[in-house]
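>>> Let me see the structure of the following:
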Amino acid sequence: MGILSEIVEGIINGIYKNRKKKKDLFGWEELTQLNVPSWVERASHKFHNRHPVKNHDKRKDFIGKHYVYRVIYRKVANGRVEEIFFRKPKNS
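Sure thing, here's the model as predicted:
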């Protein structure tokens, strides 16, 4: 029973760690698609439609009232572009 309980505890801890907010090296916090403010998403689409992503990743910062939002555009298969959103408090 001891080994089985350790395995279950490890699985639960792994799930819990994945649900925590991901922090980047310099205080950037990765956001899920649901946590992104609508104005950042609209501005991001507007920027992406005017500046296509070629062979390299693009990065764009949007400044809000309390946070700085960073969007990284990565090219994935079939010409699609993946958007990864980060945020960081303005005062840091």
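
>>> pLDDT averaged over whatever helix or strand residue 88 lives in - what is it?
Using DSSP states H and E, the element containing residue 88 is strand 81-89. Average pLDDT, strand 81-89: 90.

>>> List every C-alpha atom in that strand, with coordinates, as PDB.
Written as PDB, here are the backbone C-alpha positions of strand 81-89 (Å, rounded to 0.1, in the frame of the first residue of the first chain):
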ATOM      1  CA  VAL A  81       0.400  31.200 -36.000                       C
ATOM      2  CA  GLU A  82       0.300  30.500 -32.300                       C
ATOM      3  CA  GLU A  83       0.000  33.400 -29.800                       C
ATOM      4  CA  ILE A  84       1.500  33.100 -26.400                       C
ATOM      5  CA  PHE A  85       0.500  35.800 -23.900                       C
ATOM      6  CA  PHE A  86       2.500  37.000 -20.900                       C
ATOM      7  CA  ARG A  87       2.000  39.800 -18.400                       C
ATOM      8  CA  LYS A  88       4.200  41.600 -15.900                       C
ATOM      9  CA  PRO A  89       3.400  44.300 -13.400                       C
END
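
>>> That one - contacts with which helices or strands?
Strand 81-89 sits against strand 29-31, helix 38-50, strand 67-75, with contacts defined as 3 or more CB pairs under 8 Å, 6 or more residues apart in numbering; DSSP states H and E. Every C-beta, even on glycine, is put in place using the N, C-alpha and C of the backbone.

>>> buried ones in it?
Of all the residues in strand 81-89, those buried under the rule 16 or more other CB atoms under 10 Å are 83, 85, 86, 87, 88.

>>> and the gap between residue 82 and residue 49?
Distance, residue 82 to residue 49, by CB to CB, to the nearest Å: 15 Å.

>>> Sweet, I'm off.
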